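S.K.: take a look and give me a structure for this.
(chains A, B, C and D)
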Amino acid sequence: MLTTIRPLTRQNTNTYCQHYLNNSILTARTLIQQVTRFSYIYFPGRGIASFYWHPKLKINKNEGITVTETTTQSFRGPVDKKNVTVDNEIDKNITAKFGPNSLNKNITDVLKELAKQERAAGDFFRERAYHAAIKSIKAYPKKIESGKEARELKFIGPSIEMKIDEILKTGTCSYVTGYPDSAERKLFNVLTKIPRIGRINALKYLNKGYKTLEEFIDDSDLQPDQKYIIKHINELGEKIPRLEMNILREYIFRMLKNLDHRYLIEACGRFRRGEKCSESLNIVISHPEFKEDATENIDDFLKKFINDLKIQGFCTEYFPKGPSKYLAICRIPSKDAANPYLRRKIELRAVPYKNYWLTVLANTGDEVFYKSLQEKSLEKGFRLNDTILAPIDPNSGMVGEPLIVNSEDDIFKILNIKYLAPETRDWKSS
DNA sequence: CAGACATCGCATGCAG
DNA sequence: CTGCATGCGG
DNA sequence: GTCTG
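M.R.: Modelled structure (predicted):
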């Protein structure tokens, strides 16, 4: 037996480092990547941008962290001249009631389309600019009668002013209609729905000469999950009605509670925000006994659980997306064989108990709301993501001890932000 | 009018 | 192997 | 795309 000879994995050869911004343990490789990629990082309350790392911090999974040599090296980016001011605008937006203001839906709908186009085109800043404009218009309590009137609002400049005039006149905008809905563009839109195919790869495949999905599915580079999704692209593209999401959720919920009533489960995403339908269901699972330092147990649990779902026939197929995260294709068992339920996408993940509410918050979204919340947290001197809520020392920029979070409300309380019900977190759409 | 705006951790691929 | 670039996702 | 200095 060649027990002494094992393949060298990349992980074994890496030196691990501690990221001073969020205390996460990263490989030196990744950390250096981050340094080069984001040459400066803002700290709240001061404009200094710096980055520290421990190149000699080594991790052994069994023995824990051993510091072989503590060299602190700092990278300094350009110094930010302007003072970071507390932006009352954002505060208002965060805490204000965000009731649907459909007075100017005719305009925002077109702008939303434009934002979508810019995203597909890869222009992140224009996409963002349109979203800012939409937000601004939604907060405006009157019906907009002219581009000039809208120009007074924040984030509306000369370009959008013109577009609004056009929208008011024609109901649409030549930038929208001017985009030909060609076969190529349609294929592009479908391709980007496939996991791990974004706009770059979609373009690459288009340039390779694929004209239809049928041709594309034979591409040898495709992974099983990609092939499966292509095969069922229409079925899986169907939106799940809320009622059905509830049944799916209930099924998993009962399975879990039968195992142990202490399991925590939350269906996040659009479902939690109270929307009528969604393309997938996003489920987060935890348990008080899920410890942060024993993630293998959590991985094992989820693996077994999802396998059980498959044995029962509820889950027809599943694809790992990481050790504690799966894409499960599920179908509600139907008594009427002639009318089976459709296959649905369920994102299942299990997390340590400490991260449960942070993960739920992050996964509930929407994107725009959560991003604002993260920005707001930084301003208030906290680091917030799906694994940590911790104060940042304004002088050193170092992240302190993670705070204990036992509910979603805790997070809002710590940040001193009024709790927002999930239903009101719909900032991007509607 | 030029430059800022920016989740970030991770996988992957390339050149040397 | 290292250094570097870049795409993706949620 | 808009905003800032």
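S.K.: report the distance from the host helix or strand of residue A:378 to the chain centre.
M.R.: Applying DSSP states H and E as the criterion places residue A:378 in helix A:367-379. Here the centre of helix A:367-379 is set off from its chain's centre by 12 Å, with CA atoms, centre = their mean, to the nearest Å.
S.K.: domains of chain A?
M.R.: Chain A breaks down by automatic domain parsing into domains covering A:2-79, A:83-170, A:183-231, A:240-357, A:360-424.
S.K.: next secondary structure after the helix holding residue A:378?
M.R.: That would be, after helix A:367-379 and using DSSP H and E, strand A:382-384.
S.K.: list the helices and strands the helix or strand harbouring residue A:328 packs on?
M.R.: Element membership of residue A:328 [criterion: DSSP H and E] is strand A:325-330. If you count contacts as 3 or more CB pairs under 8 Å, 6 or more residues apart in numbering; DSSP states H and E, strand A:325-330 packs onto helix A:295-311, strand A:315-320, strand A:344-350. In this view, the C-beta of every residue, glycine as well, is placed from N, C-alpha and C.
S.K.: give the pairing partners of the last one; include direction for each.
M.R.: Applying DSSP bridges, strand A:344-350 is found paired with strand A:280-286 (parallel), strand A:325-330 (antiparallel).
S.K.: just the buried residues of stretch A:245-261, please?
M.R.: Within stretch A:245-261, the residues scored as buried using 16 or more other CB atoms under 10 Å are A:245, A:248, A:249, A:251, A:252, A:253, A:255, A:256.
S.K.: ranking the strands paired with strand A:344-350 by burial, who's on top?
M.R.: strand A:280-286 (a mean of 23; mean count of other CB atoms under 10 Å).
S.K.: that one vs DNA strand B: in contact?
M.R.: No. Strand A:280-286 does not reach DNA strand B (CB under 7 Å from any atom of the strand); its nearest approach is 14.6 Å.
S.K.: contacts for that strand, please.
M.R.: A:240, A:245, A:248-249, A:252, A:256, A:263-269, A:271, A:302, A:305, A:344-353, A:355-356, A:359-360, A:363 (CB atoms under 8 Å, 6 or more residues apart in numbering).
S.K.: circling back: pLDDT of the strand holding residue A:328, averaged?
M.R.: Average pLDDT, strand A:325-330: 91.
S.K.: what does stretch A:345-352 give?
M.R.: 91.
S.K.: residues in contact with it?
M.R.: So stretch A:345-352 is contacted by A:236, A:248, A:252, A:269, A:279-286, A:290-292, A:295, A:298-299, A:301-302, A:305-306, A:315, A:321, A:324-330, A:359, A:386 (CB under 8 Å, 6+ apart).
S.K.: what's the following helix or strand after the helix or strand that contains residue A:271?
M.R.: Take DSSP H and E as the rule and residue A:271 turns out to sit in helix A:269-272. Next helix or strand after helix A:269-272 toward the C-terminus (DSSP H and E): strand A:277-278.
S.K.: CA atoms only: put stretch A:162-178 into PDB for me.
M.R.: Extracted in PDB, the C-alpha atoms of stretch A:162-178 (Å, rounded to 0.1, in the frame of the first residue of the first chain):
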ATOM      1  CA  MET A 162     -33.000  63.300 -22.100                       C
ATOM      2  CA  LYS A 163     -34.000  59.700 -21.700                       C
ATOM      3  CA  ILE A 164     -36.900  60.600 -19.400                       C
ATOM      4  CA  ASP A 165     -38.200  63.100 -22.000                       C
ATOM      5  CA  GLU A 166     -38.200  60.400 -24.600                       C
ATOM      6  CA  ILE A 167     -39.900  57.900 -22.200                       C
ATOM      7  CA  LEU A 168     -42.600  60.400 -21.500                       C
ATOM      8  CA  LYS A 169     -43.100  61.000 -25.100                       C
ATOM      9  CA  THR A 170     -42.900  57.500 -26.600                       C
ATOM     10  CA  GLY A 171     -43.300  55.300 -23.600                       C
ATOM     11  CA  THR A 172     -39.900  53.700 -24.200                       C
ATOM     12  CA  CYS A 173     -36.400  54.600 -25.100                       C
ATOM     13  CA  SER A 174     -34.400  54.100 -28.200                       C
ATOM     14  CA  TYR A 175     -31.600  52.700 -26.100                       C
ATOM     15  CA  VAL A 176     -33.900  49.800 -25.200                       C
ATOM     16  CA  THR A 177     -35.600  49.200 -28.400                       C
ATOM     17  CA  GLY A 178     -32.400  49.800 -30.300                       C
END
